[in-house]
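Enquirer: Need coordinates for the below:
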Amino acid sequence: MNGNSIPQSIKSPLDGSELRLTWHDEFDGDKLNDKTWQLYDRMWAKNRVITTTDPRNFALENGEAVMRTYREDGHYTSHKSLTTFDRMSFRYGFLEINAMVPFSRGAFPAFWLQSAWQHRSVDYMTEVDVFEVYKAGYVESTLHKWYLQDPVKGPHTRHDWNTPLPYTFPEAHWETLSHEYHRWGMLWVPEKIAITLDGEIIATYDITEAGDFREGLRTGDDLTGMGGFQDPMIINFTNWVGSGFRDKAWVVGEGTELPLTFRVDWIRLYQSPDMGELFDDRASVGLSD
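Expert: Below you'll find the model as predicted:
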């Protein structure tokens, strides 16, 4: 879809400093760039959604990454997570997408990041949810810590999160949101993570030790420390169905527009000339050019 030139530099939404384009994908062509992407599950709840690599569920179409979730034969099918897991990770910068996000009843799309296991410096994996849709016109962002059994990438044993920060679109947009493009972003510097919508900051998190989680799902006083939020992260997109977590009525039903369709027009990473890194993680799993 994108027919405009790609800005090579922008001003930081946080302080106006210059950020330069270091990585991007406009999703041109007919297949993913497998140097940076793969379809690989990063969410697990098979009783709710069956994930596939079927082109019905994921395809590049007209310069967009298109994710579709269907209901058929008593179950839901969606794509395996669109992820840079074991391909690419980064540290610091402003990551932004232009996307059409499904807000139809029961939709649960998400744009989120996780620690890259290759670069972890702590005994937990971080997660940053740029947005998750939980009810009509309503999204949340938040930070998580997942404590792991295996020091590399094993299953988690405990989980903690901070209090999610919500954003609600003006009600006049609710009926059309599923057909509107908006820019969603994450600005990441050593002191904080800020979430943006159409270039405006809508949530900010302190990721210094002073910002260690004081609320949320604290399951023990030993779940402390914020160092993991300095570790490189991977990028994930998922397009699931809601469970009624925030609103019991937010489940697929009468009035839901199916398939639930999540379109990403482009994704771009801008970084400061003196701060920010990109990592090629393919060698860690035996891949190369």
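Enquirer: So residue 146 belongs to a helix, correct?
Expert: No - secondary structure of residue 146 (DSSP: H, G, I helix; E, B strand; the rest coil): strand, not part of a helix.
Enquirer: pretty sure it is touching residue 125, no?
Expert: Yes - with contact defined as Cβ atoms under 8 Å, residue 146 reaches residue 125; the gap is 4.5 Å. C-beta here means a position set from N, CA and C on the backbone, and glycine is covered the same way.
Enquirer: shared neighbours of those two, which are they?
Expert: Jointly contacting residue 146 and residue 125 under the rule Cβ atoms under 8 Å, 6 or more residues apart in numbering are residue 156.
Enquirer: With neighbour numbers in mind, choose between those two.
Expert: Between residue 146 and residue 125, counting by other Cβ atoms under 10 Å, residue 125 is the more crowded of the two (21 against 18).
Enquirer: How about the contacts made by that one?
Expert: Per Cβ under 8 Å, 6+ apart, neighbours of residue 125: 114-115, 117, 145-146, 148, 153, 156, 228.
Enquirer: ok, and the closest non-adjacent residue to residue 111?
Expert: Spatial nearest neighbour of residue 111, excluding adjacent residues (Cβ to Cβ, 6 or more residues apart in numbering): residue 130 at 4.4 Å.
Enquirer: show me where pLDDT drops low in this protein?
Expert: 1-3, 45-47, 149-155, 214-223 (pLDDT under 70).
Enquirer: ok, which stretches of the stretch 101-250 of the chain are strands?
Expert: Secondary structure of the stretch 101-250 of the chain, counting by DSSP state E, counting those that start in this stretch: strands at 107-115, 124-135, 138-148, 156-161, 165-168, 181-189, 192-197, 200-206, 233-241.
Enquirer: The first one versus strand 138-148: what angle between them?
Expert: In other words, strand 107-115. 40 degrees (axes from the mean of the first three to the mean of the last three Cα atoms, to 10 degrees).
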